[in-house]
Each structure stands twice: as C-alpha cells, then as structure tokens.
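Turn this into a structure:
(2 chains)
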Protein chains: 2
Amino acid sequence: MLSETGLKRIQVGSFVSPKYVPQMADTGELFQRIKRKPGVNYTSLWLNDKGFRKALTAHEVDIDPRLLFYPSEAFAQSNNNCSSADMREKQRDWVRLYTEEGYTVDAAYVMTAFGCNLEGPIPQERILDDFRFILQLCEEEDIPVPILVIADTMGWGNPEAVKRMVGALREMSPEARIGMHIHDTRGLGIANLHAALSMGVDMFESSVAGLGGCPFAGHGHARAAGNVCTEDAVFLCHELGIETGIDLDKLIAAAGKAEEIIGVPLMGRVMHTGGLDKYRKAS
Amino acid sequence: MLSETGLKRIQVGSFVSPKYVPQMADTGELFQRIKRKPGVNYTSLWLNDKGFRKALTAHEVDIDPRLLFYPSEAFAQSNNNCSSADMREKQRDWVRLYTEEGYTVDAAYVMTAFGCNLEGPIPQERILDDFRFILQLCEEEDIPVPILVIADTMGWGNPEAVKRMVGALREMSPEARIGMHIHDTRGLGIANLHAALSMGVDMFESSVAGLGGCPFAGHGHARAAGNVCTEDAVFLCHELGIETGIDLDKLIAAAGKAEEIIGVPLMGRVMHTGGLDKYRKAS
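Got it, this is the predicted structure:
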C-alpha cells in the first residue's frame, strides 16, 4: 500500500540483533515477501558491520549507506554497546567498507541532537562538533558530503531549537543538504518539521500512522514514542502548497491498514479525519 | 485536579440545548459539584440568550461575555439554526444584553476562520470583514475592544495561514489583544499554536488531553476532533522558555485521570511520555 502512495523511499526493517530487538528478527523474510514498485527504494537500517553484511546479502535491499554519530555517551552504550568516541572513530572504517563495496555514503546522522533521555541535555556545540567531524572525514576520504541529518531520537526538540540547530549547521556547511529524523514523542513533531521546512530542510524521516520508537531510548510510553506521522507531515506540506508527489488518501488508507494490523488506535491525526480536498472540491 | 495546576480559567461546560447536545445537559449540576480554588475562573459556553440566562442563574458561573461570528453560512445554520447575517446582527443585541446585566464583552470569536467542513474554504477577506464589524460595533456601542479570537473550529488552519491571518488582523487593529481557539483535527494544532505565539498571540483555548470536538462540525472521527491539547501546549511554552505558571506534572496527572474516566486512549502526547524536567534534573 505504501508503494502505491508515491513515496520514493521506504525503510522496510532493521538488520539488528534478533536477540535484543526481536521485533525486527524477520526483516530478511519481509524483504523477500514485499511487492515492489519500480522507482521506489526499499531500504533498511543497520547499526554495525554485521547488520550491513546482512543487508547486502538479503533479498533486494536498496542500500543507502549511512554514518551514525552518538554524541550521547549513555545512548551509544545502550543502543550500540560501545563508547561515543569509539562509534565516531568507527565511522572512518564504515566509509571505507562502503567504498569497498562500491557505495557512497548517502546520509550522516547525529543522534539525540536536542537531548537524551539517558544522558540529559546535550550542548549544541557537542552536536555541531560531530557534524564538523563528518565534514572533515569527507574531505580526508575524498567523498562527497552526504545529507547531514539532525536526528531528534528522543523527541527533545522544539521549533526554536530546530531553527537554531539548522541555522548553525548551514553556517558551518552552506551547501550541504540537511535532513531531519523526527520523533513525535512529546507532541511537537509537526511543529518541529514545519520549523525545519521553514529553514530549507527538505529530507524528513517519518513513519506511517506515527508508528515506531526505539526500544533503547528510554521512552516512557511506547504508543507515543514513534516518528512524526507521515500522513500528517504530507498533509502539512500540501496545505503549505509544497508538492510531495504523494497521494494523501492512499497514504491514509495505508495508515488505516496499519491500525487494523496493530489492533490499537494509532496516533496519526489526519488518518482519522481525512484531508481537506474533499471539502474544497464539494464547495 | 485542573484547579490545582495553575490554570486561571477553566471552561467547565456549555449551557446549550440538552436536546441537541445531551453531553452537556448536566452542566448546571456540574457547576454545583466542582471544588473551586480562589483565583481560578470557572466559565461556560452559551450560544444564545437562553443559554446566557442559564449561565447567569446557575451556581457560581464566572461570566465571560462573548460575541460569536459565523462567516460560514452552513455552520451558522447547523450550530445556531440561523443565518450568518442574522447571527452578526444579533451580536449588537448581545452587547446590550451584557451591558444591561453589568458585564463587558471579554472576547469576540470569528468561527471557522480558515475554512469549514460544511461550506468549504472561506476567503480571508470574509473573516477580516467580521473582525472589522466587531471593531465598528465596539466604537458604536462605546465599549472597549475585546480579545479578538481567531477560531479554527474545524482544524483547517496551517502555520503559514495562521501567520497571515494574525498579521492581517494586527494590521487592522494594532492594539487589540489577539487570541486563538485551536482544534487539532488534522495534526497541525501545536504547529499552529507555535505560529500564533511567534506572531504575539497570547491567549489560547485548549483542552486537557486534547478532548472535545463539536457535534455539528462534520468531523470525520470523534477521537481526533478535539481542541489542541493543553499539556502539549504548556510543554511547548516551557520548552520555548515561556512561563505559564502551570505545573506540567499536575496537568499530566489530570489528563491521565481524564483518560481513565473516558476509558479510551486519548490523543495527548506528553501525557503519555512526560516532560523533560526529570531528565534535566538527573543529569
């Protein structure tokens, strides 16, 4: 259903430890079973070399090589079982590994960019320092600068903090494309997305019906910890006059299906009320 | 519980037709039974003279006289059973009625200010025309200009439309206080509130846990049709460094109680995850 909406990139699952994240254990099988639409990328998440190897050997995974930075020491330990500094140094190996396999880095993520449930507030300078490292790494390894992704992993961001962060990052790297990974943990997801849009950010990671959430992020309540809701984000864009190429009604139908499968009310809004086009057409 | 949060004005119920809105039939009894805190206003809604009379004679209702404008013809008929023009003319009688009873108008609302599920889009000029009428009426009746409330009754607003509307209204009346009544029908509630805040709007109507919704607004799905969520709005303000005088934890507890009473998961976010202060204190 998502394939038919006009979305061009769909993250299907994660190649992570089945022991620690049993929810994602059958990602490989899922890749075998999905019906693909030409022109749509079906991607996956991995957090280490082993996961990347799994993605490479799984059935038709569209590889979008990423670098991951963990300015929060506590979250680096909890999510990746290594130190923040080690994780940073490992990224150099990842760049080489991706290059060896014939890929270039697509995006570089700095996690918990506005604060961390496990560690508390993280100074903006610490986040910018990771982005500075990324730019330097790209120069050293002679690779193009990837999309720089500000990841609000724990939902600590607010619209003004988003604008400050995007502004500071743009000042550091005026030509880089900037993306955001947004969680709507505390209700500010769409406001943060709008703030980022207003600063020229044009790549967002969201989830259908607002599903999701990281099991190691220390969220209080699973239902509210997912990514910003795709349908609500698309609705916002359309209302602002931004073309997305996405069919909102089809997306709403997919969200409804997700709710049916999960069997509990999901947090998306426009999925429950519908968009405005029908009223505009009728009038 | 709401009384103990620091909120200064709580709308307790509506004196409307028990035949058409049975949900509000026992508002009078509710006013008798609530435990009051000095300094908190306990207000009610009414839509006609009869309702106002009921509010006057009910037990200790804090009267906040309002004027109501219905630029949508279809919603005027559906919600008030009269024409948009009749409703507008009636407001002159309301001003006189309030004056007779010793009250001054506190706020004037223009409903469906961004569009109407029943009528479709409403041109901005039509909305501004109602506000112009209000200003003229105040001059003619020699009363102070009340809070001018932009009411997004059906959740049609988006952050840029909000900024345009507030800007246009401020241009028309630079000294008036501007308020917003926000519904989070389609997920843009907090983004709209932030947009309004950024334009200097400092009076908002919200509901605990995002409860509510008008039975005559043609919403698709009751769960998603309520006002913007009070806790999420307060959380936003605190994150932006805006003092509200409200204890977020107590507010979250009240929202949890509402969820318990209603018996279905409610749409508030921060009520399910908690604020950020605990993480900041711990670090």
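
only C-alpha atoms for contact and neighbour calcs from this point on.
Noted.

Most proximal residue of the stretch 151-283 of chain A with respect to chain B?
A:Ala191 (4.0 Å; CA to the nearest CA).

Against B:Tyr42, how distant is that residue?
Counting by CA to CA, to the nearest Å, the gap between A:Ala191 and B:Tyr42 amounts to 31 Å.

A:Ala25 now?
Distance of A:Ala25 to B:Tyr42, computed by CA to CA: 54 Å.

which one of those two has more residues nearby?
Taking neighbours as other CA atoms under 10 Å in any protein chain shown, A:Ala25 and B:Tyr42 compare with B:Tyr42 leading, 21 against 17.

The more buried one - that's part of a strand, no?
Yes: remark: B:Tyr42 belongs to a strand, assigned using DSSP: H, G, I helix; E, B strand; the rest coil.

check contacts around it.
B:9-12, B:61-62 (CA atoms under 8 Å, 6 or more residues apart in numbering or on different chains).

which residues does it bridge with?
B:Ile10 (DSSP bridges).

Looking at it now. What's its pLDDT?
Per-residue confidence at B:Tyr42 stands at 98 (pLDDT).

separation between it and B:Ile261?
21 Å.

go on, A:Ala58?
Counting by CA to CA - A:Ala58 and B:Ile261 are separated by 48 Å.

who's more crowded, these two?
A:Ala58 (17 against 9).

circling back to that earlier point, could you identify the most distant pair in the contacts of B:Tyr42?
B:Arg9 and B:Val61 (11.5 Å; CA to CA).

Find the residues that touch each one of those two.
The contact sets of B:Arg9 and B:Val61 overlap at B:42-43 (CA under 8 Å, 6+ apart).

So if I had to pick from the two, which one is more boxed in?
Shown here are B:Arg9 and B:Val61; by other CA under 10 Å, B:Val61 has more neighbours (19 against 15).

Now for that one: which residues touch it?
B:Val61 neighbours (CA under 8 Å, 6+ apart): B:31, B:42-44, B:55.

hey, where'd the helices end up in the stretch 1-150 of chain A?
For the stretch 1-150 of chain A, the helices defined by DSSP state H, counting those that start in this stretch occupy A:27-33, A:49-57, A:73-75, A:84-100, A:124-141.

other SSEs contacting the second one?
Secondary structure elements in contact with helix A:49-57, counted by 3 or more CA pairs under 8 Å, 6 or more residues apart in numbering or on different chains; DSSP states H and E, are strand A:9-15, strand A:41-46.

ditto for the longest one
Helix A:124-141 is packed against strand A:107-110, helix A:159-172, with contacts defined by 3+ CA pairs under 8 Å, 6+ apart.

Give me the average confidence score over the longest one.
In this model, helix A:159-172 carries a mean pLDDT of 98.

and the next helix or strand after it with helix A:159-172, angle?
With elements assigned by DSSP states H and E, the helix or strand that comes after helix A:159-172 is strand A:178-182. Here the directions of strand A:178-182 and helix A:159-172 differ by 150 degrees (axes from the mean of the first three to the mean of the last three CA atoms, to 10 degrees).

Run the chain-centre distance for strand A:178-182.
7 Å (CA atoms, centre = their mean, to the nearest Å).

for stretch A:59-72, same thing?
Centre-to-centre, stretch A:59-72 and its host chain are 10 Å apart (CA atoms, centre = their mean).

For it, what is the spacing between the initial and final residues?
34 Å.

again with stretch A:167-185
Span of stretch A:167-185 from end to end, CA to CA: 23 Å.

Then stretch A:15-33?
Stretch A:15-33: ends 16 Å apart by CA to CA.

what comes up buried for that stretch?
Buried residues in stretch A:15-33, counted by 16 or more other CA atoms under 10 Å in any protein chain shown: A:15-17, A:24-25, A:27-28, A:31.

Okay, domains of chain A per the record?
As assigned by automatic domain parsing, chain A contains the domains A:1-64, A:65-282.

Flag every residue of the stretch 151-283 of chain A that's near chain B.
A:156, A:158-160, A:185-188, A:190-192, A:194, A:219-221, A:223-225, A:232, A:236, A:239-240, A:265, A:267-270, A:272-276, A:279-280, A:282-283 (CA under 8 Å from any CA of the partner chain).

Contacts only, for A:Asp184.
Contacts of A:Asp184 by CA under 8 Å, 6+ apart are A:155, A:190, A:210, A:224-229.

Correction: the previous question concerned A:Met165.
A:Gln124.

can you list contacts of stretch A:197-206?
Residues contacting stretch A:197-206 (CA under 8 Å, 6+ apart): A:163, A:166-167, A:177-183, A:193, A:227-230, A:233.

rerun at 7 Å
A:163, A:166, A:178-182, A:227-230 (CA atoms under 7 Å, 6 or more residues apart in numbering or on different chains).

Report the distance from it to the chain centre.
Per CA atoms, centre = their mean, the centroid offset for stretch A:197-206 relative to its chain is 11 Å.

Stretch A:131-147 too?
Using CA atoms, centre = their mean, the offset of stretch A:131-147 from its chain centre is 20 Å.

Dump it to PDB, restricted to CA.
Only the C-alpha atoms of stretch A:131-147 are listed here, as PDB (Å, rounded to 0.1, in the frame of the first residue of the first chain):
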ATOM      1  CA  PHE A 131      28.900  17.400  12.100                       C
ATOM      2  CA  ARG A 132      32.400  19.100  11.900                       C
ATOM      3  CA  PHE A 133      34.000  15.700  12.200                       C
ATOM      4  CA  ILE A 134      31.700  14.400   9.300                       C
ATOM      5  CA  LEU A 135      32.800  17.300   7.000                       C
ATOM      6  CA  GLN A 136      36.400  16.700   7.800                       C
ATOM      7  CA  LEU A 137      36.100  12.900   7.300                       C
ATOM      8  CA  CYS A 138      34.500  13.500   3.900                       C
ATOM      9  CA  GLU A 139      37.500  15.800   3.000                       C
ATOM     10  CA  GLU A 140      40.000  13.300   4.200                       C
ATOM     11  CA  GLU A 141      38.400  10.300   2.500                       C
ATOM     12  CA  ASP A 142      37.600  12.400  -0.600                       C
ATOM     13  CA  ILE A 143      33.900  11.600  -0.700                       C
ATOM     14  CA  PRO A 144      31.000  14.000  -1.300                       C
ATOM     15  CA  VAL A 145      29.300  15.400   1.700                       C
ATOM     16  CA  PRO A 146      26.300  13.300   2.400                       C
ATOM     17  CA  ILE A 147      22.900  14.600   3.600                       C
END
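
Which positions in the helix or strand of chain A with the lowest mean pLDDT come out as buried?
Every helix and strand of chain A was ranked by mean pLDDT, DSSP states H and E. The lowest is helix A:277-282, at a mean of 84. Within helix A:277-282, no residue counts as buried by 16+ other CA under 10 Å.

ranges for the helices of the stretch 151-283 of chain A?
Counting by DSSP H, counting those that start in this stretch, the helices of the stretch 151-283 of chain A are A:159-172, A:189-198, A:230-239, A:248-262, A:270-273, A:277-282.

Can you pull the phi/psi pair for A:Ser206?
The phi/psi pair for A:Ser206 (degrees, to the nearest 10) reads phi -140, psi 180.
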